[in-house]
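Engineer: sequence unknown, structure follows:
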């Protein structure tokens, strides 16, 4: 590829639910999505695991996709998670995302039975063939139960021409280099494991896929800017401050922690959907303490690299 299709901070919104009815709160989703754009995220990626896509009905999924893409309105690139237990369902979602104007789709091998290499190849080939959009393969063994090694991913990419991106969330930083070298630079690699964000950038990751901008957009942008400018001392200092927060939201579950943080910021997004439960009171206070520490801070300044904010 001559240039990266996505780069920088790729922000993942939660899906807000009305606390009374349990229905998707589209007004809250519009506000959250717009804020992700206006606070400088370089791309917006709805309907990942942070967005509780596995717990949405198909009509809800379509409506969330439409709300986010309409709200972004071309101001920054979009990446829509289309994972489904079945190939048919994943294909359907990919086509909906394409029709609604997505810039790319992300496919997690969301499975019940562990898939063979032949089954994985067929799944990705059929999804990729359903649209002409670029496809990001999402490797997240912690949520999918399937760990795709760099050799397997590169082999899949050679068989599926528009599989051009990989979101690597195993936390193994060596895989960023391995994926780029084994693919001879044809695969763009993105980090999906929050605590290793800085190491991933230093290993050549093109972007950081994260829900953190829902709560601390300035900090994520500052870390990215310092990393790509080679400001090692500054990047290390920013990460040292940010790391306890990143470890907390990962360790306690992204949907419940991000929604709890939004409530603390007076930007409610409702509870997570069952079987998930809201963050308990003790942990909510811990999150409040972490967010207070990341408030006005000497490491933050205005010299960052935001994404475009005009249609």
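Structural biologist: Received it, and whenever you're ready, just let me know what you need. Note that the structure is a prediction, hence the values are computed from the model and not measured.
Engineer: quick one, helices of the chain?
Structural biologist: Secondary structure of the chain (DSSP state H): helices located at 26-38, 58-72, 87-100, 117-129, 141-144, 150-159, 174-182, 197-202, 217-228, 232-251, 254-264, 281-293.
Engineer: redo those helices as a markdown table? Include mean pLDDT and mean neighbour count.
Structural biologist: No exception for glycine: its C-beta is placed from N, CA and C like everyone else's. Written out in a markdown table, the entries for those read as follows (pLDDT from 0 to 100; neighbours: other CB atoms under 10 Å):
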| stretch | mean pLDDT | mean neighbour count |
| --- | --- | --- |
| helix 26-38 | 98 | 19 |
| helix 58-72 | 98 | 19 |
| helix 87-100 | 98 | 19 |
| helix 117-129 | 93 | 17 |
| helix 141-144 | 74 | 15 |
| helix 150-159 | 95 | 18 |
| helix 174-182 | 95 | 19 |
| helix 197-202 | 97 | 22 |
| helix 217-228 | 96 | 23 |
| helix 232-251 | 97 | 17 |
| helix 254-264 | 98 | 23 |
| helix 281-293 | 98 | 14 |
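Engineer: can I get the ones you listed in CSV with distance to residue 7?
Structural biologist: Formatted as CSV, the helices of the chain follow (distance: least, CB to CB, whole Å):
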stretch, distance to residue 7
helix 26-38, 16
helix 58-72, 16
helix 87-100, 20
helix 117-129, 21
helix 141-144, 24
helix 150-159, 19
helix 174-182, 14
helix 197-202, 11
helix 217-228, 9
helix 232-251, 17
helix 254-264, 22
helix 281-293, 27
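Engineer: any idea which of those helices gets closest to residue 273?
Structural biologist: helix 254-264 (8.1 Å; CB to CB).
Engineer: so what touches the closest one?
Structural biologist: Judged by CB atoms under 8 Å, 6 or more residues apart in numbering, the contacts made with helix 254-264 from elsewhere in the structure are 12, 14, 16, 32, 49-52, 211, 214-215, 248-249, 268-272, 276-279, 283-284, 287-288, 291.
Engineer: on that earlier part again, of all the helices of the chain, which lies closest to residue 168?
Structural biologist: helix 174-182 (5.3 Å).
Engineer: and the closest one, what other elements does it pack with?
Structural biologist: Contact here means 3 or more CB pairs under 8 Å, 6 or more residues apart in numbering; DSSP states H and E; on that basis helix 174-182 packs against helix 150-159, strand 163-168, strand 188-191.
Engineer: can we see that at 6 Å?
Structural biologist: Counting contacts by 3 or more CB pairs under 6 Å, 6 or more residues apart in numbering; DSSP states H and E, the secondary-structure elements packed against helix 174-182 are helix 150-159, strand 188-191.
Engineer: nearest to residue 300, out of the helices of the chain?
Structural biologist: Distance to residue 300, taken as CB to CB, is lowest for helix 217-228 among the helices of the chain, at 5.3 Å.
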